[in-house]
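Engineer: quick one, what's the 3D model for this:
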Amino acid sequence: MAGPILVFDSGVGGLSVVRALRRRLPDASLAYVCDNAMLPYGQREDVWLVQRIRAVCEAAVVASGCSALVVACNTASTLALEVLRACLSIPVVGTVPAIKPAARVTRTGHIGLLATSATVSRPYTLRLIQDFAADCRVTRVAADALVTEAERLVAGGLPDRTNLRLALAPLWDDPLLDTVVLGCTHFPLLGSWLDEAAPWPVTWVDSSEAIARRVAQVVPVVAHRQGVETSFVTARDERLDKGLAAFGFAPPSLLHPA
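Structural biologist: Numbering: from 1, shown residues only. So this is what the prediction gives:
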């Protein structure tokens, strides 16, 4: 019997991908796992992260009985995607910054890349820029503070407008910038707040819809959704219960990675 589609992230950012999956595959059963005990990933060593990501994903795959894994985290995808595909027998779909679609939609040729410090300067990201946006100006901005603001929002709080403005400020040196890549899955959760903080209208581009399309292609048979669905965390945090419930998930179970 087919199992659910499991969405993995270091925190609640993967819920932006859950939202896209709900639109694309409304009848599909989903499960969610976040490694909140080790959030944020961007401040940890790469070798340690690969081992941790593998341990959490392997434990969650077993616990959920899933039919596919979506790595809804740019840092995890750039580091551990091939390792996960080698050790798991189910399809694994990753996440990359949406540089290519942003290069297609910009009218001025000036793109912003808003990501975590772990993603914004990683060689993988630089190759994406060289391959798909070589004829564009790309302003890269590390905005780790936005992860905290998205986590606060999902937990029932309100983002700090001052922190949002400060995080975005390096983007606005050139009024020709018209497109911004949201290179962390946390950031789309702040959609309306980002619009409010921008000094002029820009097109925000993220990878959630592309991920949902890819899942629909590689996972032809999935379990059908029946009521609230399973979620997992690696550290107890009651503030997450309400946020996960808003996306259709039951209060999370505690996961114990090996």
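
Engineer: make it CA atoms for all contacts and neighbour counts henceforth
Structural biologist: Noted.

Engineer: give me the number of residues near the closest residue to Tyr41 other than its chain neighbours?
Structural biologist: Closest residue in space to Tyr41, ignoring its immediate chain neighbours: Ser10 at 6.6 Å, by Cα to Cα, 6 or more residues apart in numbering. Using other Cα atoms under 10 Å, Ser10 is surrounded by 27 other residues.

Engineer: center of this protein, which residue is that?
Structural biologist: Thr185 (2.6 Å; Cα atoms, centre = their mean).

Engineer: Three-state assignment for the closest residue to that residue other than its chain neighbours, please.
Structural biologist: Spatial nearest neighbour of Thr185, chain neighbours left out: Gly13 (4.6 Å); criterion: Cα to Cα, 6+ apart. The three-state label given to Gly13 by DSSP: H, G, I helix; E, B strand; the rest coil is coil.

Engineer: so what touches the helix or strand that Gln130 is a member of?
Structural biologist: Using DSSP states H and E, Gln130 maps to helix 123-132. Helix 123-132 is contacted from outside by Thr78, Pro97, Ile99, Lys100, Ala103, Thr119, Val138, using Cα atoms under 8 Å, 6 or more residues apart in numbering.

Engineer: got it, and stretch 165-172?
Structural biologist: Here stretch 165-172 has contacts from Gly112, Thr139, Val141, Ala142, Ala143, Ala145, Leu146, Leu177, Ala197, Ala198, Pro199, using Cα under 8 Å, 6+ apart.

Engineer: please name the residues that touch the fourth one.
Structural biologist: Same thing as Ala142. Leu114, Ala115, Thr116, Ser117, Val120, Ala167.

Engineer: one more time with 7 Å
Structural biologist: Leu114, Ala115, Thr116, Ser117, Val120 (Cα atoms under 7 Å, 6 or more residues apart in numbering).

Engineer: quick check: the gap between it and Gly14.
Structural biologist: According to Cα to Cα, to the nearest Å, Ala142 stands 19 Å off from Gly14.
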